[in-house]
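Engineer: how would this look folded up:
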Amino acid sequence: MRPEVAKRLVDAHAACVAVISFTAGLTFDAFSASLLLRSAVERQFEIIGEALGRAARDDASIEKTVPELPRVVGLRNRLIHGYDNVDDQILWDLVQNKIPSLAAKLAALLRENGWPEG
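Structural biologist: Next comes the predicted model:
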């Protein structure tokens, strides 16, 4: 794995870990009530989508390991360009049900290729 691809994966993994950290022990109501928290989580989703999109452009095999990559990039685009149509419930569902497994996939991919998770 080329260093620039590994860096993108490290960035995406770190953003996943940040989302998990930011939301640990919280409820949807607490998440949706906090503009600061929602903004922070949305920013990390933007980083995840951008980093994975760039990694895939540099190494197309990434999409085989992270098959949800097109949807992750699509979410990033939605957050950036459709900021006024963001559904907090959908984001919360992703935080609870998708981000932990994505973080694990990225960590495993980095380890398999001899790179630290960050």
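Engineer: Please report how far the residue nearest the centre of the chain lies from A33.
Structural biologist: Geometric centre of the chain, nearest residue: I48, 3.5 Å, by Cα atoms, centre = their mean. Noted for I48: a distance of 23 Å to A33, by Cβ to Cβ, to the nearest Å. (C-beta placed from N, C-alpha, C; glycine too.)
Engineer: Toward the C-terminus, what is the element adjacent to the top helix by length along the chain?
Structural biologist: If you go by DSSP state H, the chain has its longest helix at helix 35-58. Once helix 35-58 ends, the next helix or strand along the chain (criterion: DSSP states H and E) is helix 62-65.
Engineer: other SSEs contacting that next one?
Structural biologist: helix 35-58, helix 69-81, helix 99-112 (3 or more Cβ pairs under 8 Å, 6 or more residues apart in numbering; DSSP states H and E).
Engineer: Report the secondary structure state of the residue nearest to P100 when sequence neighbours are not counted.
Structural biologist: The spatial neighbour of P100 that comes closest, neighbours along the chain excluded (Cβ to Cβ, 6 or more residues apart in numbering), is I20 at 6.4 Å. Assigned with DSSP: H, G, I helix; E, B strand; the rest coil, I20 falls in the helix class.
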